[in-house]
Structure formats: structure tokens, C-alpha cells
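> I need the structure of the sequence given here:
(one chain, ligands or ions: 2)
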Amino acid sequence: MHKDVKKVLVSEEEIVKRCEELAKEIKKDYESKNEIPLLVGLLKGSVPFLAELVKHIDMDIKYEFMDVSSYEGTESIGDVKVNLDLRSSVKGIPVLLVEDIIDTGRTLQEVKRLLSHKGASDVKVVSLLDKPSRRVVDIQADYVGFEVPNEFVIGFGLDFNQKYRNLPYVGVLKDECYQ
Ligand code: IMP
Ligand code: MG
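Numbering: from 1, shown residues only. Ligands and ions are numbered 1, 2, ... in the order given. Here you go, the predicted structure:
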């Protein structure tokens with residue numbers, strides 16, 4: 001375990017197993033509608049999760065990335081800023097957004113709105129983690145890996161000051177790391 005980590009909340013084995021389950025559900029749902037989703041990962045946090053998930057989705061899916069951020073200085077209730085946009089059109093395409101964690105839900109609400117505006121035929125969400133106790137907007141993921149308590153978590157894509165994204169598990173930092 002990394003020296004800065006206080007405890008592991010979700011182990012690598014648990015994540016891999018859950019990705020297999022989610023992938024099966026996703027395949028079943030989309031196949032029943034005769035659709036193939038375009039997976040859209042939100043940078044940078046979704047990268048390890050997307051990489052694990054797609055290995056287990058037994059369909060000819062494609063994936064793209066977007067980078068969005070809230071407008072600085074505001075507790076954004078409005079738009080998000082698009083730092084890196086999609087390279088191809090999503091018009092008429094069912095999109096499956098891939099997120100690391102849903103916290104307040106604001107990011108996801110805005111990105112869903114944006115993709116619908118761009119003409120996606122459907123926008124669903126798969127998130128590795130969900131912190132439902134922190135939600136301020138009425139939004140839910142269609143597929144969730146794990147529910148986590150109201151604690152700041154790092155690892156498997158999640159960062160603190162851009163660090164710890166490469167840890168192969170989800171954990172909580174020791175208190176002194178925040179000082
Ligand atoms: P939301 O718009 O509040 O739902 O923000 C979600 C984003 O905030 C996530 O995509 C993460 O980048 C970040 N975030 C929220 N909670 C945590 C956490 O516990 N650890 C690391 N990043 C987090
Ligand atoms: Mg994020």
C-alpha cells in the first residue's frame with residue numbers, strides 16, 4: 001500500500017470483478033435495443049476505469065474523451081467549460097458517459113445537457129463511484145460500480161492535486177497529507 005494511504009476502500013480485485021459485471025449489463029441493455037454505444041470518458045479521472053471496463057464489453061464499441069471543467073471561481077450552477085471536445089459528431093448516436101465519481105452531480109448534469117444539445121440520441125452514465133450523500137442536483141448514474149461514504153477518495157483515476165491517480169485501488173489519504 002502507498003505510504004500516504006490510510007485505508008483501502010475498494011481493492012483492485014473488487015474493481016475488476018465489478019467491471020466484468022457492469023460490462024455484461026451494458027452489453028445486455030444495448031443489445032436488447034439493437035444499439036452500440038459510443039463511450040465518452042471524462043478526462044482525466046475516468047481513464048483507468050474506462051480502460052478496465054472496455055476490456056470486458058464484448059461488442060464493437062468505440063470510445064472518445066472529453067475534458068470539461070467548471071468555470072473557476074463559481075460554485076458553478078451554470079455551464080461547464082470544454083477544454084477538449086469530441087473529435088466526431090454524436091448526432092443520432094447513443095452515448096455512454098464514463099465518469100470516475102459522481103459527487104454533487106453538477107458536472108454530469110451539464111455534460112449530459114451538452115451531449116443532448118449536440119444531438120446524441122441517448123445519454124447514459126456509468127460511474128465507478130457514487131457519493132449520493134453529496135448530491136445537489138437530481139441526477140443518477142445508470143450504472144454504478146460502488147457507493148462510497150462522504151469521504152475524499154483517491155486512486156484508480158481519482159486525484160488529490162493531480163497525485164495518486166495511478167494507484168490500482170480506491171482509498172482514503174492519511175490526514176497529514178491534506179496539510
Ligand atoms: P461533481 O460535479 O461535484 O459531481 O464533481 C465530480 C468531479 O469532482 C469528479 O469527476 C472528480 O473529478 C471530482 N471529485 C469529487 N469527489 C472526489 C473525491 O472524493 N476524490 C477525488 N475527486 C473527486
Ligand atoms: Mg472528474
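> what's the average pLDDT for the biggest helix by length in the chain?
Determined from DSSP state H, the single longest helix within the chain is helix 12-32. Averaging pLDDT along helix 12-32 yields 98.
> helix or strand right after that helix?
strand 38-42 (DSSP states H and E).
> got the residues of this structure near ligand 1?
Proximity of the chain to ligand 1, by CB under 6 Å from any ligand atom, involves residues 45, 99-108, 152-154, 158. Glycine gets a C-beta too; all of them are placed from N, C-alpha and C.
> and which of those residues is nearest to Val5?
Closest approach between the residues of the chain next to ligand 1 and Val5, by CB to CB: Ile154, at 7.8 Å.
> for burial, what's the neighbour tally of the closest one?
By the criterion of other CB atoms under 10 Å, Ile154 has 23 neighbours.
> tell me what it is bridged to.
Counting by DSSP bridges, Ile154 forms beta bridges with Gly171.
> quick check: it touching Asn161?
No - if you go by CB atoms under 8 Å, Ile154 and Asn161 don't touch, sitting 9.9 Å apart.
> now Glu110. Nearest residue, chain neighbours left out?
Nearest residue to Glu110 in three dimensions, chain neighbours excluded: Val80, at 4.3 Å (CB to CB, 6 or more residues apart in numbering).
> isn't the one you found up against Lys112?
No - in terms of CB under 8 Å, Val80 does not count as a neighbour of Lys112; the distance is 10.6 Å.
> neighbour-wise, which of those two wins?
Val80 (21 against 18).
> residue contacts, that one?
Val80 makes contact with Val68, Ser69, Ser70, Tyr71, Thr107, Glu110, Val111, Leu114 under the criterion CB atoms under 8 Å, 6 or more residues apart in numbering.
> the helix or strand hosting the last one - contacts with which helices or strands?
To tie it back to what came earlier, the one meant is Leu114. Applying DSSP H and E as the criterion places Leu114 in helix 106-117. Counting by 3 or more CB pairs under 8 Å, 6 or more residues apart in numbering; DSSP states H and E, the packing neighbours recorded for helix 106-117 are strand 38-42, strand 62-70, strand 80-84, strand 94-102, strand 122-130.
> just the CA trace of the lowest-mean-pLDDT helix or strand in the chain, in PDB.
Lowest by mean pLDDT, DSSP states H and E among the helices and strands of the chain is strand 80-84, with a mean of 89. C-alpha atoms of strand 80-84 as PDB (Å, rounded to 0.1, in the frame of the first residue of the first chain):
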ATOM      1  CA  VAL A  80     -19.100  23.800 -17.900                       C
ATOM      2  CA  LYS A  81     -16.000  24.800 -19.800                       C
ATOM      3  CA  VAL A  82     -15.000  22.400 -22.600                       C
ATOM      4  CA  ASN A  83     -11.200  22.100 -22.600                       C
ATOM      5  CA  LEU A  84     -11.100  19.200 -25.000                       C
END
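> no further questions, thank you.
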